[in-house]
Structures are given as C-alpha cells and as structure tokens.
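In: need coordinates for the following:
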Amino acid sequence: MERRFVLGLAILLLVLLFAIGVAWGMKAIHAPGETALTQAAELALSGDMEQAVSLAQNAYVRWQKYRSITAAFADHNPMDDTERLFREMLVYAEEDEVPHFAACCTQLSAMLKATYETHSFSLKNIL
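Out: Numbering: from 1, shown residues only. Now for the predicted structure:
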C-alpha cells in the first residue's frame with residue numbers, strides 16, 4: 001500500500017512540475033513578442049514605420065518558430081486568429097497603412113499576452 005502511495009505521489013509531482021514548466025515556457029516564448037508588438041505599434045504611430053515593421057516581423061518569426069510547441073498546449077482557434085492577424089499586419093506594412101498596421105500590432109500583442117496568461121501557473125488555472 002505504501003509503495004502505491006509513493007508512486008502516485010511521484011506521478012502527481014511530475015505532472016505538477018510539467019505544468020509549471022509549461023507555464024514558464026509559454027511566458028518565455030510569448031512575452032518578448034508581446035513587448036515587440038506593443039513597441040511596433042507605438043513606433044508606427046510616431047512615424048518610425050521602418051523600425052516598427054522590423055520589430056513586428058521579428059515577432060512573427062518568433063511566433064512561427066514556436067507555433068508547433070504552442071499548439072501542443074493551446075486552443076487552436078486563437079492560434080489561427082493570431083496567425084491571420086500576423087498575415088494581415090504584414091499586408092498593412094507592405095501597403096504602408098500605418099493605422100491598420102498599428103491596430104493589428106496592438107491586437108496581436110493582446111493575443112500573445114492572453115496566450116501566456118491562459119497558461120500561467122495560478123490557482124484559477126489549476127482548478
């Protein structure tokens with residue numbers, strides 16, 4: 001009986017450590033993109049479209065790099081919406097549509113933040 005208890009406790013601890021790792025990993029993956037997109041929106045509205053586009057493109061490259069691992073843990077509908085917005089943002093950048101570009105960057109920033117907050121290690125998310 002005691003052996004089963006120890007085995008069950010060990011499995012629960014491994015699952016808890018895995019959940020903590022996912023929470024930490026999601027924030028580490030998506031927080032830099034969120035920050036870059038917020039800065040890109042601000043830069044675009046202040047007139048520095050070249051730097052804004054560079055930051056936004058880097059955020060998209062980062063998104064694509066970690067998309068598969070994020071898909072393993074996240075709901076796919078918001079991920080599809082995020083991908084669509086990234087593509088729209090690139091079109092607005094090409095067309096030099098500053099207000100639309102900045103709006104996409106702001107929406108994307110919020111979506112990335114929601115992605116890592118949804119997976120944060122909190123009592124609400126555990127329950």
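In: mean confidence for stretch 63-72?
Out: Mean per-residue pLDDT for stretch 63-72: 77.
In: ok, and what's touching it?
Out: 25, 26, 29, 30, 33, 79, 82, 83, 86, 112, 115 (CB atoms under 8 Å, 6 or more residues apart in numbering). For glycine as for every other residue, the C-beta is placed from the backbone atoms N, C-alpha and C.
In: farthest pair in these?
Out: Spatially, the most separated pair among the contacts of stretch 63-72 is 25 and 86, at 20.5 Å (CB to CB).
In: higher neighbour count, the two?
Out: Taking other CB atoms under 10 Å, residue 25 and residue 86 do not tie; residue 86 has more neighbours (21 against 16).
In: tell me if I'm right that that one and residue 60 touch.
Out: Yes - here residue 86 reaches residue 60: they are 4.8 Å apart, a contact under CB atoms under 8 Å.
In: which stretches of the protein form helices?
Out: Secondary structure of the chain, counting by DSSP state H: helices at 2-46, 49-65, 67-73, 76-94, 98-118, 123-126.
In: by mean pLDDT, point me to the weakest helix or strand of the protein.
Out: None of the helices or strands of the chain scores lower by mean pLDDT, DSSP states H and E than helix 123-126, at a mean of 62.
In: and the contacts of stretch 63-72 as TSV, adding distance to residue 54?
Out: As requested, the contacts of stretch 63-72 are exported to TSV (distance: CB to CB, whole Å):
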residue	distance to residue 54
25	26
26	25
29	20
30	19
33	14
79	24
82	20
83	20
86	15
112	18
115	23
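In: and the residues you listed as CSV, adding pLDDT and distance to residue 96?
Out: Below are these laid out as CSV (pLDDT from 0 to 100; distance: CB to CB, whole Å):
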residue, pLDDT, distance to residue 96
25, 77, 36
26, 80, 33
29, 84, 30
30, 83, 27
33, 92, 23
79, 78, 28
82, 88, 23
83, 90, 22
86, 94, 18
112, 89, 24
115, 81, 29
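In: all set now, cheers.
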